[in-house]
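Q: Fold the following and give me the result.
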Amino acid sequence: MRRPLEQPRMTRVHIPIHRRWGDLDALGHVNNTSMLKLLEEARLRAFWRSEDPADQAPTAVFDADVLEGGGAVATLIARQEIEYLKPVPYGHKPLDVQLWLGRIGGSSAEVCYEVFSPAGGEPQELYARASAVVVLVDTASGRPTRLPAAVRDAWAPYVEEPIAFGRR
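A: Next comes the predicted model:
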């Protein structure tokens, strides 16, 4: 059963993501391919440690050394799906991208997203729902590797029902 939008969700990470003018299409709203980039940015901010721990999501478990070629593991996207509910207009305030985990598997996790209008503007509008299956891989072999216990522990409080896409 889905909770009403007014009720706060305690198992979600809120990531503010700014739209860029270049994200817009000819009709003046965020292009579908730009939405993938916005979700990617939200995912990186949610799961990668920051240089400033005060500016870090509680789900941040990966170091940036993978991005610099020094890590033993990396994350790859195995599947993505987006359901667009309303056009996303341009605006100066950041979108409120809410993330949670729909499932944690052996070497993968389903990351769920809901993209809302900026926080503070009530009621918030829900623009899109999305999910991505992220797989942890060993960079030397390219093969999936098990999620470490520390990752599972950090992510466990953020497991919620996965998205039930409505427009299939």
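Q: In the protein, where is pLDDT below threshold?
A: Within the chain, the segments meeting pLDDT under 70 span 1-10, 64-71, 167-168.
Q: Where do the helices of it begin and end?
A: Along the chain, the segments classed as helices by DSSP state H run 32-47, 149-155.
Q: most tightly surrounded among these?
A: Burial among those, expressed as mean neighbours by mean count of other Cβ atoms under 10 Å, is greatest for helix 32-47, which shows a mean of 18. From N, CA and C alone the C-beta is placed, and that goes for glycine too.
Q: For Y90, see how far away the spatially most central residue of the chain is.
A: When Cα atoms, centre = their mean is applied to the chain, the residue found nearest the centroid is R43 (3.7 Å). According to Cβ to Cβ, to the nearest Å, R43 stands 22 Å off from Y90.
Q: again with R79
A: 29 Å.
Q: I'd guessed the residue nearest to the centre of the chain sits against L101; true?
A: No. Taking contacts as Cβ atoms under 8 Å, R43 lies outside contact range of L101: 11.3 Å.
Q: Identify the contacts common to these two.
A: V111 (Cβ atoms under 8 Å, 6 or more residues apart in numbering).
Q: Now do the strands in this protein.
A: 13-17, 73-84, 95-104, 108-116, 126-138 (DSSP state E).
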